[in-house]
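S.K.: Below is the structure, and that's it, no one-letter string:
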């Protein structure tokens, strides 16, 4: 079995140095796990085609040992990328504060217009997890729950965490690190 690789796609207005991403990467890299967090282009004014095209350029090596993680807008972007690029199998798919339907944020609507092939996405990996928080004030947890239901993913609702962003002092995500380690064992 090859080495585990993680690819994390950030969301709207974020970067690879935002939120809990640096501490997450550092902790897993200390255990010799390769973590890639591409900086998505124009994250303050995201464009669907540009984000998918960027992912196709920067995600060059993935296999059955790859765990894909999305946060917020990164979730639906990741699902669209996987839907388009048709990988055979991956180790896991973890979606944090995700959505696949229109939200109150107009800038994000272009990302939910494509038809997702849920049967394909379900068959891509048996390890599908969606994580949200009861107090998420940006993407209320109902969005993530409905996404999890469509993907037949395990839905984990945390008591706190809001949208898991640094604005709310959320700079470490030990729960997610633990979930990733469970998939690797």
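M.R.: Okay, I see it. Only a predicted model underlies this, so the values are computations on that prediction, with no experimental measurement involved.

S.K.: doesn't residue 112 make contact with residue 80?
M.R.: No - assessed by Cβ atoms under 8 Å, residue 80 is found out of contact with residue 112, at 9.0 Å. (Glycine included, C-beta is placed from N, CA and C.)

S.K.: which one of these two has more residues nearby?
M.R.: Shown here are residue 80 and residue 112; by other Cβ atoms under 10 Å, residue 80 has more neighbours (21 against 17).

S.K.: Secondary structure element for that one, which one?
M.R.: helix 73-85 (DSSP states H and E).

S.K.: Measure how far that helix is from the centre of its chain, please.
M.R.: Centroid displacement of helix 73-85 relative to its chain, using Cα atoms, centre = their mean, to the nearest Å, is 9 Å.

S.K.: immediately after it, which helix or strand?
M.R.: Criterion used, DSSP H and E; the element after helix 73-85 is strand 92-96.

S.K.: List the neighbouring strands of that following strand plus their orientation.
M.R.: In the sheet, strand 92-96 lines up against strand 66-71 (parallel), strand 128-133 (parallel) (DSSP bridges).

S.K.: ok so, going back, and the helix holding residue 80 with strand 128-133, angle?
M.R.: 160 degrees (axes from the mean of the first three to the mean of the last three Cα atoms, to 10 degrees).

S.K.: now helix 73-85: mean pLDDT?
M.R.: Mean per-residue pLDDT for helix 73-85: 96.

S.K.: can you list contacts of that helix?
M.R.: With contacts defined as Cβ atoms under 8 Å, 6 or more residues apart in numbering, helix 73-85 is touched by 8-12, 14, 40, 46, 48, 51-52, 55-56, 59, 68-70, 90, 93, 95-100, 108, 111-112, 114, 116-117, 120-121, 124, 147.
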